[in-house]
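[1] what's the 3D shape of this:
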Amino acid sequence: MADIALAVIGGTGVYRLADLQDVETRVLDTRFGAPSGPVRIGTLEGRRVAFLARHGEGHSVPPHQVNYRANLQVLKDIGATRVLALNTVGGITDAYGPRVLACPDQLIDYTWGRISTICEEPGSDVLHVDFGDPYTHLLRRQVVDAARACGVELVDGGCYGATQGPRLETRAEIRRMRRDGCDLVGMTGMPEAGLAREMGLEYACLAIVANWAAGCGTDEEITMDEVLANVAAASAGIPALIAAVARG
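    Model (predicted):
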């Protein structure tokens, strides 16, 4: 499947890729075990695009138990070289309110206990990849340019803070993250981005802001109904954006 133009990993609320045509389902294993679910490969405006639901298509895999290595490896195995990660997140700073789309350029990892490298197994080569800029510059620019061309509003840049989950964060934790410089908070940005770099995959994040983080914007309790409604509203332009990136 060397003709895959783009692979997309869907996050919370994004369990299929709208407008994907002539879909072929591949159920595959990898050297790191099983991925979160089947890979759906189809055509989007003339380009072959692969889609994988990070949490499984029934949202059965919590963020700390996602086999990030297998998910990326299966996409690499089918011939993908570019991966666009859709991450459902909370907004911390003013420009990143609910229903905003953003393409962050930095991240901070607050996760723990996750397998975060392909160097884990005895005898593996030890890799020290450059991770100063955690997202591939060229793919980020393609995402930003695609949004502009499609008329999709997108915030260019920002810092994604990756927390352990699956619980949401305390107000004090969000205050710390704000002091650290985070604009967005999610649970799946790492180790995915680091593993993509180790595997030699181009990787960028399209963050879908589903709610204000604790203590930001509103004091109302965050509900899954609110999260899913905001994801659905913010996702309207995503298929066209993905198609434009796939053509790039």
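
[2] Would you mind giving the secondary structure of the residue nearest the centre of the chain?
    Note on the chain: the residue nearest the mean C-alpha position is residue 85, at 2.9 Å, using CA atoms, centre = their mean. Under DSSP: H, G, I helix; E, B strand; the rest coil, residue 85 falls in the strand class.

[3] Report the separation between it and residue 149.
    From residue 85 over to residue 149 the distance is 21 Å, taken as CB to CB, to the nearest Å. From N, CA and C alone the C-beta is placed, and that goes for glycine too.

[4] Where does the residue of the chain most remote from its centre fall, secondary structure wise?
    Within the chain, the residue lying farthest from the chain centre (CA atoms, centre = their mean) is residue 123, at 29.9 Å. Here residue 123 is covered by no helix or strand, with elements defined by DSSP states H and E.

[5] For the helix or strand bottoming out on mean pLDDT in the chain, buried residues please.
    In the chain, the helix or strand scored least confidently by mean pLDDT, DSSP states H and E is helix 224-234, which has a mean of 86. Neighbour-count burial for helix 224-234, counted by 16 or more other CB atoms under 10 Å, picks out 227, 229, 230, 231, 234.

[6] my read: the first one touches residue 12, true?
    Just to be clear, that refers to residue 227. Yes - between residue 227 and residue 12 there is a contact under CB atoms under 8 Å: 6.9 Å.

[7] Overlap in contacts, these two.
    Counting by CB atoms under 8 Å, 6 or more residues apart in numbering, the shared contacts of residue 227 and residue 12 are 88, 210.

[8] Just want to check the distance between the residue farthest from the centre of the chain and residue 29.
    Separation of residue 123 from residue 29 (CB to CB): 21 Å.

[9] Pull up the gap between residue 69 and residue 35, please.
    Distance from residue 69 to residue 35, by CB to CB: 9 Å.

[10] er, residue 129 I mean
    From residue 129 over to residue 35 (counting by CB to CB), the distance is 22 Å.

[11] before we move on, what about residue 86?
    Residue 86 sits 16 Å away from residue 35 when distances are taken as CB to CB.

[12] and the residue nearest to residue 227 when sequence neighbours are not counted, what is it in contact with?
    Computed as CB to CB, 6 or more residues apart in numbering, the closest residue to residue 227 that is not its neighbour in sequence is residue 210, at 4.2 Å. Counting by CB under 8 Å, 6+ apart, residue 210 makes contact with 12, 13, 88, 89, 90, 98, 226, 227, 228, 230, 231, 234.

[13] so the last one makes contact with residue 101?
    Yes - shown here, residue 234 and residue 101 form a contact pair, counting by CB under 8 Å, at 5.9 Å.
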